[in-house]
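Student: sequence plus predicted model, see below.
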Amino acid sequence: MKKKVLVLSAMMLTALVGMAKDIKTVVVTTQPQMHCESCENRIKGNLRFEKGVKMIETDIPNQSITITYDADKTDVKKIIAGFKKINYDATEVTPKKDDSKAEKKDKKEKK
């Protein structure tokens, strides 16, 4: 009986590992800039149909769009090409290093 449970558990674990997805996030800005709710809705409404896109978050005051996607199905170049379909030029924003996180890490290491 224990052997069956052990074998079944191993099979389930193997199946879960095989189904794991490579989910990534990219932050972009657009030209022309989105300045109203209509622009926001146009971007969200059209990009949600791009293959692999899981979630789209817009931030009008910061002029940024955060896209969560399945890297097994798409990549940043394809997402940017999706913007071109709706007459927007998207540029990837490189994330800034958060100095407060580095300071916290240094404090933990000193303790």
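Tutor: Nice, I can see it.

Student: please enumerate the strands of the chain.
Tutor: Along the chain, the stretches classed as strands by DSSP state E are 23-31, 53-59, 64-70, 89-92.

Student: so for stretch 12-21, what's the average pLDDT?
Tutor: Averaged across stretch 12-21, pLDDT comes to 64.

Student: also stretch 45-52?
Tutor: 93.

Student: distance between that stretch and the chain's centre?
Tutor: 13 Å (CA atoms, centre = their mean, to the nearest Å).

Student: circling back to that earlier point, can you list the strands of the chain in JSON lines and add distance to residue 82 and mean neighbour count?
Tutor: For glycine as for every other residue, the C-beta is placed from the backbone atoms N, C-alpha and C. Compiled in JSON lines, the strands of the chain are given as follows (distance: least, CB to CB, whole Å; neighbours: other CB atoms under 10 Å):
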{"stretch": "strand 23-31", "distance to residue 82": "10", "mean neighbour count": "16"}
{"stretch": "strand 53-59", "distance to residue 82": "8", "mean neighbour count": "15"}
{"stretch": "strand 64-70", "distance to residue 82": "9", "mean neighbour count": "19"}
{"stretch": "strand 89-92", "distance to residue 82": "8", "mean neighbour count": "15"}
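
Student: using JSON lines, lay out those together with distance to residue 9.
Tutor: Output for these, formatted as JSON lines (distance: least, CB to CB, whole Å):
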{"stretch": "strand 23-31", "distance to residue 9": "25"}
{"stretch": "strand 53-59", "distance to residue 9": "29"}
{"stretch": "strand 64-70", "distance to residue 9": "27"}
{"stretch": "strand 89-92", "distance to residue 9": "42"}
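
Student: the ones you listed: which one's closest to residue 38?
Tutor: Closest of the strands of the chain to residue 38 is strand 53-59, at 11.8 Å (criterion: CB to CB).
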